[in-house]
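>>> Sharing a model prediction with you, sequence too.
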Amino acid sequence: MPLVRFLAKELAPTHRRFIEAGRSAVKATLTTAAAAILQILGPFGPLFAFRIGQPGISLGLFEGGLIIVVAAAMQAAIVPITGKLLDYPGLIMAFLFAVFATTAYLLSNTRLFLILALVAVGTITTVHSGIFEPGQICWGSTYTFDGILAATVVMVAVDIWIWPSPAEARLLESVAADMERSRIRFRMVCRHYLEPSAAPLPAPQLASRLAHIWRC
């Protein structure tokens, strides 16, 4: 049967699949332990670690710091906004629509996925707390940020020191960047050929970061 062959092919065990599954499980398990030790209410931290810490996604110190800063700014801004809109359900729906529409539009940029997913999930969590438990909105926002903080620290520690990701993902990212630069260069050459009066072509860049490393 085609379906059986498809599932057998897609679920066939591979070394990389075992490695990445193990890394994801370690991130979620350590985040759960950290949330329990720190008494962070709610499952947001472990869920965030499991969802964001998927195969192919690795966090460095810069990405981790950026997530924490954005999470702090988001929670600091959304709590007073939600508090002011609680008496106006129509405005809450309009606010959520604006947030989700902007997030969905910007998700086409994969480099912004983590930050935008963080904004969307944090918005849902805090607004839900404000609507159904208005007296707990500040604590709910605090627990949301604590969960993000714990998950981010665990993911950065695993990705950098405990169990770094194999170099395959970085290799694919480098190849994709090289192909994108080649596509842009080819388009500029075609435009210059069709319009000789256009601006002169810029000097060609090094073909690949891997080639640069190899030459070094």
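Happy to help now that I have it.
>>> So which residues make contact with the helix or strand harbouring Arg17?
Arg17 belongs to helix 15-38 when elements are defined using DSSP states H and E. Residues outside helix 15-38 that contact it (Cβ atoms under 8 Å, 6 or more residues apart in numbering) are 40, 45-46, 48-50, 53-56, 146-147, 150-151, 153-155, 158, 162-163, 165-166, 168. C-beta here means a position set from N, CA and C on the backbone, and glycine is covered the same way.
>>> Which neighbouring elements make contact with the helix or strand hosting Ala177?
Assigned by DSSP H and E, Ala177 belongs to helix 168-194. Using 3 or more Cβ pairs under 8 Å, 6 or more residues apart in numbering; DSSP states H and E as the contact test, the elements touching helix 168-194 are helix 209-215.
>>> tell me the mean pLDDT over the helix it packs on?
Average pLDDT, helix 209-215: 46.
>>> again, but for stretch 66-77
85.
>>> and that stretch, how far from the chain's centre?
Its chain's C-alpha centre lies 14 Å from the corresponding centre of stretch 66-77 when counted by Cα atoms, centre = their mean, to the nearest Å.
>>> ok, and for that stretch, which residues are buried?
Taking 16 or more other Cβ atoms under 10 Å as the basis for neighbour counts, the residues of stretch 66-77 that come out buried are 66-68, 70-71, 74-75.
>>> Now do the SS call for Ile40.
Following DSSP: H, G, I helix; E, B strand; the rest coil, Ile40 is assigned to coil.
>>> For it, give me phi and psi.
Here the main-chain torsion angles of Ile40 (degrees, to the nearest 10) amount to phi -90, psi 120.
>>> any idea how far the closest residue to Asp159 other than its chain neighbours lies from Leu114?
Computed as Cβ to Cβ, 6 or more residues apart in numbering, the closest residue to Asp159 that is not its neighbour in sequence is Ser58, at 4.4 Å. From Ser58 over to Leu114 the distance is 11 Å, taken as Cβ to Cβ, to the nearest Å.
>>> who touches Ser129 in this structure?
Residues near Ser129 by Cβ under 8 Å, 6+ apart: 136-137, 140-141.
>>> Report the buried members of those residues.
For those, buried by 16+ other Cβ under 10 Å: 137, 140-141.
>>> as a whole number, average confidence for the helix holding Arg17?
89.
>>> what's downstream of it, the next helix or strand?
Toward the C-terminal end, the helix or strand that comes next after helix 15-38 (DSSP H and E) is helix 44-52.
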